[in-house]
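Colleague: Below is the structure, and that's it, no one-letter string:
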């Protein structure tokens, strides 16, 4: 039996910051289960880091593109059916807070907030996960990171 093609949806904004175009590309590749595409790897810094602040999952996760890619391949194994990833907030061209909603086979769903930060080369360098209900903590972290950028 053929699997249904996963769907994705990302809110597009005219004259969008660079971070939104990167997230749009990422969401599209994940929805197509295109995990071996060099485009996917090129979206991430070689030393990309991930942190998880979700209840019961708080940890510094493995870093680097290959670990991240292996994690993404688990999505296919779990039967990824769809992704919705509306952007809730941005700060400049390099920071965004996204509400991820992944749907899998057998009515299994995962929802969480994710802060995404680009490096100076426009690659995703940091991913920080929060519980979907922990908007305040996620926005505080977004603002804290934004304050570290030189303002002109």
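Modeller: Cool, the structure landed. Remember, it's a predicted structure, so these values are computed and weren't measured experimentally.
Colleague: next helix or strand past the strand or helix carrying residue 96?
Modeller: Residue 96 is part of strand 95-104, with elements assigned from DSSP states H and E. With elements assigned by DSSP H and E, the helix or strand that comes after strand 95-104 is strand 108-118.
Colleague: Could you list the low-pLDDT ranges of the chain?
Modeller: Residue ranges of the chain with pLDDT under 70: 1-17, 58, 60-62, 152.
Colleague: can you give me the helices for it?
Modeller: 18-31, 38-42, 65-77, 135-147 (DSSP state H).
Colleague: so what's the closest residue to residue 73 other than its chain neighbours up against?
Modeller: In this structure, residue 73 finds its nearest non-sequential neighbour in residue 35, 5.2 Å apart by C-beta to C-beta, 6 or more residues apart in numbering. C-beta coordinates here come from the backbone N, C-alpha and C atoms, glycine included. Going by C-beta atoms under 8 Å, 6 or more residues apart in numbering, residue 35 touches 29, 69, 72-73, 76.
Colleague: before we move on, what about residue 101?
Modeller: With C-beta under 8 Å, 6+ apart, residue 101 has these contacts: 83-85, 109-111.
Colleague: Take those residues and write them to JSON lines, including neighbour count and distance to residue 133.
Modeller: Shown next, in JSON lines, are the contacts of residue 101 (neighbours: other C-beta atoms under 10 Å; distance: C-beta to C-beta, whole Å):
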{"residue": "83", "neighbour count": "20", "distance to residue 133": "20"}
{"residue": "84", "neighbour count": "18", "distance to residue 133": "17"}
{"residue": "85", "neighbour count": "22", "distance to residue 133": "17"}
{"residue": "109", "neighbour count": "10", "distance to residue 133": "15"}
{"residue": "110", "neighbour count": "14", "distance to residue 133": "14"}
{"residue": "111", "neighbour count": "13", "distance to residue 133": "9"}
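Colleague: Closest one of the residues you listed to residue 18?
Modeller: Taking C-beta to C-beta as the measure, residue 18 sits nearest to residue 85 out of the contacts of residue 101, at 16.2 Å.
Colleague: Hmm, residue 99 and the closest one touching each other?
Modeller: Yes - under the contact definition of C-beta atoms under 8 Å, residue 85 touches residue 99, with a separation of 7.1 Å.
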